[in-house]
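Engineer: Structure, please.
(chains A and B, ligands or ions: 2)
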Amino acid sequence: MGGGLGSPSVCRADLGLVGSAHYCVPAYPSTLLPIHPPTHPPTYPSTPLPWTNTMHLEINRLSKQFDTRQGPVLALDDINMHVETGEFVCAVGASGSGKSTLLRLVAGLDMPTAGEITVDGQVVMGPGSDRGMIFQSYTLYPWMTVQKNVEFGLKLQGVGSKERREMASYYLEVVGLTKFSRSLPKQLSGGMKQRVAIARTLASRPKIMLMDEPFGALDVQTKETMQQFMLDLWNRTGVSILMITHDVDEAVFLSQRIYVLTAHPGTIQQEVFVDLPRDRTYTIRRDRAFQDTREGIMDLLRGKTAPALVG
Amino acid sequence: MGASVPVCSTFGLTPVTPASPSFSTAPRSTQGMKPSVFWRLADDIPKPMSTALMVLSIAVPFGLWWLVASLDLVNDKFLPSPIQVAQALGRLWTDGFLLGDTAASIMRVTVGFGLAALVSVPIGIAMGAFASVRSLLEPISGVVRYMPAPAFIPLLVIYLGLGEAPKIALIFIGTVFFNILMVMDAVKFVPKALLETTYTLGGQRRQALFQVIAPYVVPNIIDTFRINIATSWNLVVVAELVAAENGLGKRIVLAQKFFNTDEIFACLLILGVIGFALDLSLRGLMKATCKWAVD
Ligand SMILES: Nc1ncnc2c1ncn2[C@@H]1O[C@H](COP(=O)(O)OP(=O)(O)O)[C@@H](O)[C@H]1O
Ligand SMILES: [Mg+2]
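Structural biologist: Ligands and ions are numbered 1, 2, ... in the order given. Have a look, this model is predicted:
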């Protein structure tokens, strides 16, 4: 480990990422990684790599129509939204409101029918590692160990094996799974798999992390743990996150801003600012502000107007 | 029992205030399904039981054979006893036929099936991964696959003579299309999300093909080989029955000429044992190389 990182900084350019050679993060001292794996509660590296770059995601008059056998389906209609540096933004909506479609368009996995998506002024034309994606289905490579899974994004980008190993170990530490680095995905629980996927995405140092109902398949207790974990992770790294969920409570708990989507066609009904401190724990659910916000959004989804939230 | 209205008793709950007194709260039968060990659906049985059943699986047919042969119900020219077969086996061994014939058959299978494997993996993966290649090759392989391979023997003899070439070609033709289509199917089952994840991690299509799709289907490829090598084992005997200088199939034809049923039995036994050994070794290979995919 000693002297493993000769250069004082890890640049995005070194990792083969696009268009941000100016953005560098301080090197992490490898001695900070505890030798003994964290138990509960996990002991995270004390200085997580911060996301210090600026990022601006903009979605402009976006529409997506699917041509199906039953005729055209307008999944998204005239969507306008944005995510700024270090923000945690959620989009909530019922099933079928086009949330997954929206995220897939941002990821570049699908092309819009009209409108455009830009990241730092560049139009999204296809998938890339600057927009890391977390799917609801655990998308770990089943034949790779946890460590290899986390390394894989870097490997794809041509990062050397030594640096890859250190990066992966670091992010496994960040998600508290060092102990499981040699395990196979099938030996992990759902929440752990999702944490590996998050570590894998973070290791690629994306500008923004896209999450498609990442905790939708988890049981209630694990889900709550993962939400807290996600919030802490975001607070410690400052990575920009765009997450979609049907769970209003989850959206209010996690995000600073919420886009409320309605279905058929998927449109943004309202943008809601969550006026809660960044540092939250489950007790915040008892706060009046939390409950008001949640109920307001529920009313929006039910189709009632919520004057308290307007403006 | 009288009321047919379902009650909550199965959940172990007692209604606090029954909304309507019209149904009985008396416990209904909670018998449920009777437990079973032998008839468990899609479940394991205890290890000793499985071992015992596996021993029976070999011992019972063998015992029946022994019994029928020793009761002299059938002339032992038609049904040799296990001892006579063992003696025939010894005879074939000392004459050197056993080793030579087995080696000849195994060689043909190895070359023929090896070539088929070599060709089918890249083509199958390409067909599974690219709809374009699939459209191009699926119809033709789908049709040729249903032409029974033995029907090619006369043509192969005309084209390639009587040496090793037609036998190897027969095995190749008889297995390559099945291999291709089975590998193709495996590739179609690679989760799309896994490929999309690869793209969002910065992977290119070529990387997704070689570093995600290919390793993902390795267990399926081994399984495909395990299933289709049985076919090649069939075909080699068919080829040797028709025309050959040596091989286990040839030995069976010769034994028939001299009415040596004991030798036929001996050859059948050898064929079964070798086939089973092939199957076991491919299972072993799977366990050794694809820990992630086994149970
Ligand atoms: N590939 C597709 N082809 C046709 N219709 C689709 C496709 N993907 C999504 N849709 C339709 O678009 C609408 C939105 O779907 P989706 O984005 O999955 O919603 P959500 O994620 O909010 O549940 C649905 O009506 C769905 O049927
Ligand atoms: Mg969805």
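Engineer: Chain B contacts on chain A?
Structural biologist: Taking CB under 8 Å from any CB of the partner chain as the criterion, the neighbours of chain B within chain A are A:16-17, A:107-109, A:126-129, A:131-133, A:135, A:137, A:139, A:141-143, A:152-153, A:155-157, A:184-186, A:197, A:200-201, A:204, A:210. From N, CA and C alone the C-beta is placed, and that goes for glycine too.
Engineer: Those: which ones sit near ligand 1?
Structural biologist: Cross-checking the residues of chain A next to chain B against ligand 1 (CB under 6 Å from any ligand atom) gives no overlapping residues.
Engineer: what about burial for those residues, which qualify?
Structural biologist: With burial judged by 16 or more other CB atoms under 10 Å in any protein chain shown, the buried subset of these is A:17, A:107-109, A:127-129, A:131-133, A:135, A:137, A:139, A:141-143, A:152-153, A:155-157, A:184-185, A:197, A:200-201, A:204, A:210.
Engineer: So which of the residues you listed sit within helices?
Structural biologist: A:107, A:152-153, A:155-156, A:197, A:200-201 (DSSP state H).
Engineer: Rebuild these as TSV, extending it with pLDDT and distance to B:Phe276.
Structural biologist: As requested, these are exported to TSV (pLDDT from 0 to 100; distance: CB to CB, whole Å):
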residue	pLDDT	distance to B:Phe276
A:Ala107	95	49
A:Phe152	96	39
A:Gly153	94	44
A:Lys155	94	41
A:Leu156	94	42
A:Ala197	95	42
A:Arg200	95	43
A:Thr201	95	47
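Engineer: By proximity to ligand 1, which residue of the stretch 151-295 of chain B wins?
Structural biologist: The minimum distance from the stretch 151-295 of chain B to ligand 1, using CB to the nearest ligand atom, falls at B:Lys192 (10.7 Å).
Engineer: any residue of stretch B:120-129 up close to chain A?
Structural biologist: No: if you take CB under 8 Å from any CB as the test, stretch B:120-129 misses chain A, and the best it gets is 15.7 Å.
Engineer: need the contact list for residue 230.
Structural biologist: All of this is about chain A. Residues near A:Met230 by CB atoms under 8 Å, 6 or more residues apart in numbering or on different chains: A:198, A:214, A:241, A:254.
Engineer: was after chain B, sorry
Structural biologist: Under the criterion of CB under 8 Å, 6+ apart, the contact list for B:Ala230 reads B:275, B:279.
Engineer: try 7 Å this time
Structural biologist: B:Ala230 sits next to B:Gly275 when contact means CB atoms under 7 Å, 6 or more residues apart in numbering or on different chains.
Engineer: Name the residues of whatever helix or strand it lives in that are buried.
Structural biologist: Using DSSP states H and E, B:Ala230 falls within helix B:214-242. By neighbour count, with 16+ other CB under 10 Å as the criterion, the buried positions of helix B:214-242 are B:214, B:216-226, B:228-229, B:231-242.
Engineer: So which residues make contact with whichever helix or strand comes after it?
Structural biologist: With elements assigned by DSSP H and E, the helix or strand that comes after helix B:214-242 is helix B:248-257. Helix B:248-257 is contacted from outside by B:97, B:101-102, B:105, B:236-241, B:244, B:263-264, B:267, B:270-271, using CB under 7 Å, 6+ apart.
Engineer: In terms of model confidence, name the weakest of those residues.
Structural biologist: Ranked by pLDDT, these bottom out at B:Ala244 (82).
Engineer: Grab the nearest non-local neighbour of that residue.
Structural biologist: Using CB to CB, 6 or more residues apart in numbering or on different chains and skipping the chain neighbours, the partner closest in space to B:Ala244 is B:Lys250 (4.4 Å).
Engineer: Show the contacting residues for B:Val133.
Structural biologist: Each residue near B:Val133 by CB under 7 Å, 6+ apart is listed here: B:126-127.
Engineer: mind checking pLDDT for it?
Structural biologist: 95.
Engineer: chain center to the helix or strand containing it: distance?
Structural biologist: B:Val133 belongs to helix B:131-145 when assigned by DSSP H and E. Using CA atoms, centre = their mean, to the nearest Å, we find the averaged C-alpha position of helix B:131-145 to lie 24 Å away from the chain's own average C-alpha position.
Engineer: so how far is chain A from the residue nearest to B:Arg145 when sequence neighbours are not counted?
Structural biologist: Taking CB to CB, 6+ apart as the measure, B:Arg145 lies nearest to B:Phe177, with 4.0 Å between them; neighbours along the chain are not counted. Distance of B:Phe177 to chain A, given as CB to the nearest CB, to the nearest Å: 28 Å.
Engineer: which strands and helices sit next to the helix or strand encompassing B:Phe177?
Structural biologist: Under the criterion DSSP H and E, the helix or strand holding B:Phe177 is helix B:164-188. Under the contact criterion of 3 or more CB pairs under 7 Å, 6 or more residues apart in numbering or on different chains; DSSP states H and E, helix B:164-188 touches helix B:97-129, helix B:131-145, helix B:153-160, helix B:214-242.
Engineer: tell me the angle of the second one relative to helix B:164-188?
Structural biologist: Using axes from the mean of the first three to the mean of the last three CA atoms, to 10 degrees, the direction of helix B:131-145 lies 140 degrees away from that of helix B:164-188.
Engineer: Thank you kindly, that will do.
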